[in-house]
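In: Here is a sequence with its predicted model. Questions after.
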Amino acid sequence: MRRDSENLWNALEAVCKLLGKELQDAKALRARASAEAPVAVFEASVGVDDGGLGEAAMSLMVQGAALMRACRTGDARSCFETAVLLCPLDLEANFNMGLFFEVSHQPDLMAPWMRRVQQLDPNNYMALVLLGKYEEWLGDFGSALTLYRKATGCDPHPHLAQAQIDQMTGDHKVSLDPFSSWPSCIQEILAELPSWRRGFPPWQENILHPRTDLPKTALLADGVCVWDGAVGEPLLTQLDACAEEMHHFISTNFWLTPGSSVTTAWLAREKLQPETAAELATRHLIPRLLGESCDDFCGVEWWAKMRKESRGQGLHYDQSEADEPAMNCSTCGARQGEEWVHGNPWRPRWSSVLFLTDEGGPTVILEQIHTQQARNDPRCPQRGFVVMPKRGRWVVFRGDLFHGCMPVAHHGGAPRKILVFNMWRSHRPPAGHCNDVQYGKHPALQKILFRPGQLESTLAAESARREPPRIVECTRVDCASTLRHSTSFGCLPFALPAPSESMLKLGTGFYELDWRAAAEALACPRETPAFYEAVD
C-alpha cells in the first residue's frame, strides 16, 4: 500500500506540473500522507474544478470500467488513478478508485477510498454499505451494524443495507448457552412420534416426485459421514486461494455485470476438464469417497464462505433458489406454478462442507425436513449431528436436512473458511442464482485458473499421497448428563440440550446427539430426580 501511495504522489506532482502549478511543499505533503489514506490531503495541492478536466476524468473512468471488463487490471487502475488525480475532490472519481479495489478483491485497499468518499459525502449510501461489509469482514460487527443503520436512512430503497442487517442479526442469534434446557424441553422431545427417530423418511429431491435413491456407500446410511484428510497438498493450498477469491466474488461480481449476480457457481456434468482447484476437488472426491460416478449427478453447485469464528449461521435448507412458477418441472415438464413451487422445493442429493481451517464452530445438521405438512418436520428434532472444523475435513450429508453453523468463541477473531459442494441428481438450479462462472473473464478469478501443467501435477500429487482419507468415528451422545449446555440454533421455539464447547473440542469432533434416547432415559423416575439435582 505504501508503494501505491508513493506512486500516486509522484503522479500528483507530474499532474501539477502539467497544470502549471507550483508544488512548493511537495515534501511536506508526502510526509503527511499515510498508507491508510493516501488521498487525505489531495485538496491541499490540486484544487482544480475545471470543466475540461472533469470531462477528461469521466472519460478515464468509463475507459477504466471497460478495461476491467476486459481483465486489463493494470491499465484500468492507471485510468482510475489518473482520474482521481485530475479531480481529487470529485466524488465519483474517488468512489470508482475504491470500487476498483473492491472488484479486484482487495478490501484493505478499498476501505481508505470509501472513507474518503464518506468525507466528501457523509451520506453516500454505497460507501456506507461497502464500509459496513469491510467491518464485517474484519469481525467488527458493532461498527458494521452502525454503518448499515446509517445507510438505511440515506436511501429510499435501502434493501442492500437492510439485507446485511437482517443476515448479521439472524446469524448472531445462534449461540451455545451455558445452562441446561432439559426441564423445559423434555416434553417437547417426547411429544413427537418415535418413528421420527427410528424410521426417519428417506431423502426426496422433490415432494411431488419422490424417488428411490439409496446411498452407494453404507457409510452414509445415517445420512451423514465425515472424512479427515479428504484432500492433501498442494490441492489444499490451491483450495485456500479459491475460497478467498470466490468469497469476495459472490458479493462483488454484479459490479462488472450489471443486472446479474452470481451467488453460487455451477460445475456441469458435461464440463470435461476442471479449470480450478475447487472443480478438481469435487470431481476427485465424488468417486473416491462417495463411491459414485460424477455422471450420476447433473452437476455440482459450489461456493465459498469466510467468516469470523465468533459468528454462526442460522439453520436453513439448501434448495434451488431461483425457480419460478413459469419454469417447467425438470422431471415431468409441467409448469412449476402448478406444483406448489415455493412449498415444494428441489433439494440436492448430497450437501457437503470442506473445511479449510481448524478455527470456528461446528456445522450442525438436524433431522428435520420440509414436508407437505410443515416446513420443519418434526417440530422438535429427535436427533442431530455436530461436526467440528478441521483443515482437510469433509462432511457429507443428505441435501434435504436442516443445517447451519454454531459459533464457539463469542469474541474470536480467527477466520472460519469453507467450501460448500452440493451434488444435484437431476434438477439444475436455474441461472440467476447459480451460474456457470467464466473464470477467465473476471480479473480477480483469473488467479485461480490452473496454469499449464498444474492440473496434471496436482492430480499426480493427490494420487501419490501416502496417507489416504480417513473415516472419522462418530461419537454418540445419548446421556442427558453430558448435554449440560443448550441452544435454540437461533430459530427453534425452544432450546435443545447441547454439549459444552470444551467437550466439542475433545475427541473426534464428530458427534451424534440423540435427544430422543436421552429424554427417554431421563423420563425414567429413577434417573430424573438425581439429574435435575445435578443441573439445577
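Out: Looks like it came in fine.
In: and after the helix or strand bottoming out on mean pLDDT in the chain, which helix or strand comes next?
Out: Ranking every helix and strand in the chain by mean pLDDT, DSSP states H and E puts helix 26-32 at the bottom, with a mean of 38. Toward the C-terminus, helix 26-32 is succeeded by helix 51-69 as the next helix or strand (DSSP states H and E).
In: Look at the most centrally placed residue in the chain and tell me its secondary structure.
Out: Compute the mean C-alpha point of the chain, and by C-alpha atoms, centre = their mean the closest residue is Lys305, 2.7 Å away. Classification of Lys305 using DSSP: H, G, I helix; E, B strand; the rest coil returns strand.
In: Identify the residue spatially nearest to it, adjacent ones excluded.
Out: Ile418 (5.2 Å; C-beta to C-beta, 6 or more residues apart in numbering). Placement of C-beta: from N, CA and C, glycine included.
In: That neighbour should be in a strand, yeah?
Out: Yes. According to three-state DSSP, Ile418 belongs to a strand.
In: I'd like to know how many residues surround it.
Out: Per other C-beta atoms under 10 Å, the neighbour tally for Ile418 reads 23.
In: swap in Pro469?
Out: Based on other C-beta under 10 Å, the number of other residues close to Pro469 is 18.
In: just Pro178 next, same as before
Out: The burial count assigned to Pro178 is 10, neighbours taken as other C-beta under 10 Å.
In: can you pull the contacts of it?
Out: His485, Ser500 (C-beta atoms under 8 Å, 6 or more residues apart in numbering).
In: switch to 6 Å and redo it
Out: Each residue near Pro178 by C-beta atoms under 6 Å, 6 or more residues apart in numbering is listed here: His485.
In: same check, this time on Met503
Out: With C-beta under 6 Å, 6+ apart as the criterion, no residue contacts Met503.
In: coming back round to it: the residue nearest to the centre of the chain and Leu419 touch, don't they?
Out: No. Look at Lys305 against Leu419 with C-beta atoms under 6 Å: they stay out of range, at 8.1 Å.
In: which residues sit against stretch 512-528?
Out: By C-beta under 6 Å, 6+ apart, stretch 512-528 touches 186, 189-190, 197, 382-385, 474, 476-478, 480.
In: of those, closest to Gln438?
Out: Phe385 (36.7 Å; C-beta to C-beta).
In: what bridges to the closest one?
Out: Note on Phe385: beta-bridge partners by DSSP bridges are Ile365, Glu512.
In: so Thr73 touches Leu445, yeah?
Out: No. Thr73 is beyond contact range of Leu445, at 11.6 Å (criterion: C-beta under 6 Å).
In: ok, these two, which is more surrounded?
Out: Legend: neighbour count by other C-beta under 10 Å for Thr73 and Leu445, higher for Leu445 (23 against 17).
In: What sits closest to that one if chain neighbours are left out?
Out: In space, Leu445 is closest to Tyr439, 4.4 Å off (C-beta to C-beta, 6+ apart).
In: how about that neighbour, phi and psi?
Out: According to degrees, to the nearest 10, the main-chain angles of Tyr439 amount to phi -60, psi -40.
In: got the contact list for it?
Out: Tyr439 makes contact with Glu275, Leu445, Leu449, according to C-beta under 6 Å, 6+ apart.
In: can you rerun that using 7 Å?
Out: Glu275, Thr276, Leu445, Gln446, Ile448, Leu449 (C-beta atoms under 7 Å, 6 or more residues apart in numbering).
In: Give me the buried positions along stretch 348-368.
Out: Of the residues in stretch 348-368, 348-357, 359-368 count as buried by neighbour count, 16 or more other C-beta atoms under 10 Å.
In: distance between that stretch and the chain's centre?
Out: How far stretch 348-368 lies from its chain's middle: 12 Å, per C-alpha atoms, centre = their mean, to the nearest Å.
In: model confidence over that stretch, on average?
Out: With pLDDT averaged residue by residue, stretch 348-368 scores 96.
In: Show me this structure divided up by domain.
Out: The chain breaks down by automatic domain parsing into domains covering 2-121, 182-205+224-522.
In: Pick out the shakiest of these, pLDDT-wise.
Out: domain 2-121 (a mean of 72).
In: Drop anything exposed from the contacts of Tyr439.
Out: Among these, those classed as buried by 16+ other C-beta under 10 Å are Glu275, Thr276, Leu445, Ile448.
In: now for the residues you listed, which pair is the farthest apart?
Out: So, those by C-beta to C-beta: farthest apart are Glu275 and Leu445, at 9.7 Å.
In: Mind listing what's buried along stretch 284-298?
Out: Buried-residue list, stretch 284-298, by 16+ other C-beta under 10 Å: His284, Leu285, Ile286, Leu289, Leu290, Glu292, Cys294, Asp296, Phe297, Cys298.
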